[in-house]
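Q: below are the sequence and a predicted model for it; my questions follow.
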Amino acid sequence: LFRALPLASIAIASGRWGNAKRTAAVCFVFLVQATVFGAAHANYPAQPAHARLVELLLPSVGFGALYWRWGLLPGVVLHFIYDVVWMALPIFLSDSNTIDKLLVVLCASLPCLAILAARALPRTNLTTEGDETANDLLNRHRNAAWAKGAYSAAAVTVPRKPQPKMP
């Protein structure tokens, strides 16, 4: 929500703008979304009131740059790993049972195990004869809305009815 909506929206909306104007708009929205992300994650009181926001500005910019370069999924995975490490730290530092520690490791590795299981399953052909190949389909849907020339006027075409010729 903090990344995809503002950054993808400005990337799509500014596709027809000039290069300098587009860069300025994207930078402005990038800083605004980083500030909103940091403010939303400042969930405990601090003195002065803006200290937590300033503290979270650098990680917010880092997560934004990660999203801008590689898309949403790496940021989600990194955020998951970050949360697991900080939330499980008391369990690993305490004299708790080994079972508790094993459960944390097992639950944290479930997403990786799901990906490995999906890769182990036989692949099915998503397309029929004569259609685009699965690789073309995947490449067409990659996260490249802000790549240079991705949203040119030629790339975004709207079918139009033929206009009657003027006499």
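A: On my side now, so go ahead.
Q: and the most centrally placed residue in the chain, how far from L110?
A: Nearest to the mean C-alpha position of the chain, counting by Cα atoms, centre = their mean, stands L72 at 1.4 Å. Using Cβ to Cβ, to the nearest Å, L72 is found at 20 Å from L110. The C-beta positions use only the backbone N, C-alpha and C, and glycine is treated the same way.
Q: going along the chain, name the helices of the chain.
A: Along the chain, counting by DSSP state H, helices occupy 4-13, 19-40, 51-70, 72-93, 98-120, 134-140.
Q: for stretch 89-104, buried residues please.
A: Counting neighbours by 16 or more other Cβ atoms under 10 Å, one finds that the buried residues in stretch 89-104 are V104.
Q: for P45, give its distance to A51.
A: Computed as Cβ to Cβ, the P45 to A51 distance reads 10 Å.
Q: for L113, same thing?
A: Distance from L113 to A51, by Cβ to Cβ: 39 Å.
Q: ok so, going back, out of the helices of the chain, nearest to K165?
A: Taking Cβ to Cβ as the criterion, K165 comes closest to helix 4-13 out of the helices of the chain, the separation being 34.4 Å.
Q: residues contacting the nearest residue to L66 once chain neighbours are set aside?
A: Computed as Cβ to Cβ, 6 or more residues apart in numbering, the closest residue to L66 that is not its neighbour in sequence is G75, at 4.9 Å. By Cβ atoms under 8 Å, 6 or more residues apart in numbering, the contact list for G75 reads R3, F63, L66, Y67.
Q: let's go with 6 Å and repeat that
A: Contact analysis of G75 by Cβ atoms under 6 Å, 6 or more residues apart in numbering lists F63, L66, Y67.
Q: what is the least confident helix or strand in this protein?
A: helix 134-140 (a mean of 58; mean pLDDT, DSSP states H and E).
Q: phi, psi for H41 please.
A: phi -100, psi 0 (degrees, to the nearest 10).
Q: and the pLDDT for the nearest residue to it once chain neighbours are set aside?
A: The spatial neighbour of H41 that comes closest, neighbours along the chain excluded (Cβ to Cβ, 6+ apart), is L56 at 5.5 Å. Turning to L56, the model gives it a pLDDT of 83.
Q: looking at it, L56 is touching A40, isn't it?
A: No: the criterion here is Cβ atoms under 6 Å, and L56 misses it with A40 at 9.2 Å.
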